[in-house]
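> Got a predicted structure plus its sequence, pasted below:
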Amino acid sequence: GQSLEQPSEVTAVEGAIVQINCTYQTSGFYGLSWYQQHDGGAPTFLSYNALDGLEETGRFSSFLSRSDSYGYLLLQELQMKDSASYFCASPGTASKLTFGTGTRLQVTL
Amino acid sequence: DARVTQTPRDKVTEMGQEVTMRCQPILGHNTVFWYRQTMMQGLELLAYFRNRAPLDDSGMPKDRFSAEMPDATLATLKIQPSEPRDSAVYFCASGFDAGELFFGEGSRLTVL
């Protein structure tokens, strides 16, 4: 099976940098994705790491270390609109996509 | 602008009633997922299909839930009979294998 653990809450100041961690245990590993979900909304895709290393997309970056079963999402130049829940997710065997426990990010002034 | 469409957006029903939720995935996507989200359980995978074939529905209570994909443009999730503990937001998502998934807006179910 798959299990992905994240911190439940993170608070950071506008303009700062925040890192949201994800540790996983999977029976088969095919990469790590990140999704953002605002309150009352649907999850939206942010990034996908198939290989070790850093992927950068604008203010957001995602990192994967398969040897450590660990990844993180890095948000830079935080804005108030970044306040949301963030989920890591991993496809297992036969594309079964399991989501992590989710991290609620609160950006303050 | 291609998007996943779910109906109904909101449903309030009484315990014991049948509930059917519908999803129109994005045309051409080969996988369709049903997730349930509650505050306590996060995003919980109920069932998913690849090329309309059910691959895994181990996340669903089999005695009351059923998921089908009668054609490429429609996926359904049925609850019969519904119970108060089924109250949640149900999301449908589609994509290519388990790459980027596109989610519908969700169906908020309240069972009284």
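Received, thanks. Residues are numbered from 1 along each chain as shown, chains lettered A, B, ... in the order given.

> check whether stretch B:70-82 contacts chain A.
No. Against chain A, stretch B:70-82 shows no contacts by C-beta under 8 Å from any C-beta of the partner chain, the least distance being 15.3 Å. The C-beta positions use only the backbone N, C-alpha and C, and glycine is treated the same way.

> export that stretch as PDB, just CAs?
Extracted C-alpha coordinates of stretch B:70-82, given in PDB (Å, rounded to 0.1, in the frame of the first residue of the first chain):
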ATOM      1  CA  PRO B  70     -20.900   3.100 -18.800                       C
ATOM      2  CA  ASP B  71     -19.200   5.100 -21.600                       C
ATOM      3  CA  ALA B  72     -16.200   7.300 -22.100                       C
ATOM      4  CA  THR B  73     -18.100  10.500 -21.300                       C
ATOM      5  CA  LEU B  74     -19.800   9.400 -18.000                       C
ATOM      6  CA  ALA B  75     -18.700   8.000 -14.700                       C
ATOM      7  CA  THR B  76     -21.100   7.400 -11.900                       C
ATOM      8  CA  LEU B  77     -20.900   6.800  -8.200                       C
ATOM      9  CA  LYS B  78     -23.900   5.500  -6.400                       C
ATOM     10  CA  ILE B  79     -24.700   5.100  -2.700                       C
ATOM     11  CA  GLN B  80     -27.600   3.000  -1.700                       C
ATOM     12  CA  PRO B  81     -28.700   3.300   1.100                       C
ATOM     13  CA  SER B  82     -27.000   6.500   2.200                       C
END
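
> what pLDDT, on average, does that stretch get?
For stretch B:70-82, mean pLDDT is 96.

> tell me which residues of that stretch are tucked away?
Neighbour counts using 16 or more other C-beta atoms under 10 Å in any protein chain shown place B:75, B:77, B:79, B:82 of stretch B:70-82 among the buried residues.

> got it, and stretch A:101-109?
Buried residues in stretch A:101-109, defined by neighbour count with 16+ other C-beta under 10 Å: A:101-105, A:107.

> No more questions from me, cheers.
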